[in-house]
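Engineer: Predicted model follows, preceded by the sequence.
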Amino acid sequence: MKDDYFIEIIKINDNIGTIWEKGSSPKKPVIRVGDEYELIVEANDPKGREIEYEIFVITTDFKITQKIIDLNS
């Protein structure tokens, strides 16, 4: 099946209660100076490969890169 090949992001949520899922459009979180912000990404690779994701903002130099190790191996 074609869908079985691609990595799927199932859900992203943060430590202040915002949840992003397929088809949802939550409000943008408000973060203030001094706040700690954490994202939890739930993703699936049907082939069990390592998943690497990146978060960036186009208008600034802000960038985060994270590698996820396959825990099913």
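Structural biologist: Good, I have the coordinates. Nothing here was measured: the structure is a model prediction, and the numbers come from that model. Numbering: from 1, shown residues only.

Engineer: Show me where the protein dips below the pLDDT cut-off.
Structural biologist: The chain contains residues with pLDDT under 70 at 1-4, 56-73.

Engineer: mind listing the strands for it?
Structural biologist: 8-14, 19-21, 39-44, 51-56, 63-68 (DSSP state E).

Engineer: by how many degrees do the fourth one and strand 8-14 diverge?
Structural biologist: Orientation check (axes from the mean of the first three to the mean of the last three Cα atoms, to 10 degrees): strand 51-56 against strand 8-14 gives 50 degrees.

Engineer: same check, this time on the third one
Structural biologist: Angle of strand 39-44 versus strand 8-14, following the same axes, to 10 degrees, is 160 degrees.

Engineer: Show me what strand 39-44 is packed against.
Structural biologist: Here strand 39-44 is seen to pack against strand 8-14, strand 51-56, strand 63-68 when contacts are counted using 3 or more Cβ pairs under 8 Å, 6 or more residues apart in numbering; DSSP states H and E. For every residue, glycine as well, the C-beta is placed using N, CA and C.

Engineer: and it, which strands flank it?
Structural biologist: Each strand that strand 39-44 pairs with, and the sense of that pairing, follows from DSSP bridges: strand 8-14 (antiparallel).

Engineer: Let's see the strand it pairs with as PDB, backbone CA atoms only.
Structural biologist: Coordinates of each C-alpha in strand 8-14 appear next as PDB, following Å, rounded to 0.1, in the frame of the first residue of the first chain:
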ATOM      1  CA  GLU A   8       3.300   9.900   9.400                       C
ATOM      2  CA  ILE A   9       3.100  12.500  12.100                       C
ATOM      3  CA  ILE A  10       0.200  11.400  14.300                       C
ATOM      4  CA  LYS A  11       0.100  14.100  16.900                       C
ATOM      5  CA  ILE A  12       2.100  17.000  18.300                       C
ATOM      6  CA  ASN A  13       1.300  18.500  21.700                       C
ATOM      7  CA  ASP A  14       3.000  21.000  23.900                       C
END
